[in-house]
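*Asks:* only geometry, no sequence info:
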Ligand code: XMP
């Protein structure tokens, strides 16, 4: 029978034999898969694993720094790269969801390629691909940090010519979590909800500006912190907020306001393929809504998405 301890033991040994003294590069996303893959390879080859964690400016509030800190505590050889400006520049004026995804995928590859070039004599590209990615049963609409060959436009970036190592290729998500737990990976990372590779860019309907990202980060942070403190975080599969390109009238004291609407979305699911909207307590929703409207400048109305998948998708774009 499969056990995480036995899997770790044989995988680490196999990785050592396969990689030897070569150098390996890996892109961390903050998610479970890339983190567990990194820790396994780290056990096998230590500092010869070079991890790259890119700040695309589309992550959650404070997430880049806190996740980078956890990676460093885990002993990983990780480089944090602030590439926000490149992503914002590439996204400026784009409103079509697929064009946004393509722009993000392209910039990620440019940044990653540039970083990989700085690792002298790197031989391998490691990826946190898991079994559902292999059979493509997971519904993803576009580029994530898992680099697939169709992302390249024009010439092949150099890192794609590297040999590929994917230690989680035969595992399901729950097995990856068990392996991660056995490897003592921070719960902050292990119990994290799925988060799309294009990040907040596909939760800002319409064009992206740094100001909109900041507004959405504040809204999302209030919602997610609320879920955590109410003990509801682990009850839902995924949660987040959408910033809508819709303004609505409100009142604040004697003043009439005309500001943005945000939609909260939380779903229960087993694999993301189908999902039900999460029946969160009204009290909880009321508190979150009040806090958002009182604290986030630019937002005067909160709605809750009660659509299930199918026919709605989890993300709005
Ligand atoms: P949908 O919106 O299709 O989402 O119901 C299903 C799951 O996939 C995630 N998702 C993405 N993940 N790149 C990703 O890495 C993407 O472009 C993307 N689009 C959706 C979504 O967050 C959910 O977990």
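*Replies:* Yep, it's here. Just so we're clear, the structure is a prediction, and the values are computed from it rather than from any experiment. Numbers count the residues shown, from 1 in each chain.
*Asks:* can you tell me which residue is spatially central in this structure?
*Replies:* residue 195 (3.8 Å; C-alpha atoms, centre = their mean).
*Asks:* so who does the spatially closest residue to it that is not a sequence neighbour touch?
*Replies:* Of all residues not flanking residue 195 in the chain, residue 31 sits nearest, at 6.6 Å (C-beta to C-beta, 6 or more residues apart in numbering). C-beta: built from backbone N, CA, C; applies to glycine. Residue 31 makes contacts with 128, 145, 189, 192, 194, 195, as judged by C-beta atoms under 8 Å, 6 or more residues apart in numbering.
*Asks:* identify the residues contacting the last one.
*Replies:* Just to be clear, that refers to residue 195. Each residue near residue 195 by C-beta under 8 Å, 6+ apart is listed here: 30, 31, 60, 238, 240.
*Asks:* so which of the residues you listed are in helices?
*Replies:* Per DSSP state H, helices hold no members of those.
*Asks:* closest to the ligand among those?
*Replies:* Distance to the ligand across the contacts of residue 195 (C-beta to the nearest ligand atom) is lowest for residue 238, with 5.4 Å.
*Asks:* what is the burial count for the closest residue in space to that closest one that isn't next to it in sequence?
*Replies:* Nearest residue to residue 238, sequence neighbours excluded (C-beta to C-beta, 6+ apart): residue 193, at 4.6 Å. Residue 193: 17 surrounding residues under other C-beta atoms under 10 Å.
*Asks:* again with residue 221
*Replies:* 18.
*Asks:* what's the answer for residue 211, then?
*Replies:* 9.
*Asks:* what about it, which SS state?
*Replies:* Following DSSP: H, G, I helix; E, B strand; the rest coil, residue 211 is assigned to helix.
*Asks:* hmm, residue 250 and residue 256 touching each other?
*Replies:* Yes - in this structure, residue 256 is within contact of residue 250 by C-beta atoms under 8 Å, at 7.5 Å.
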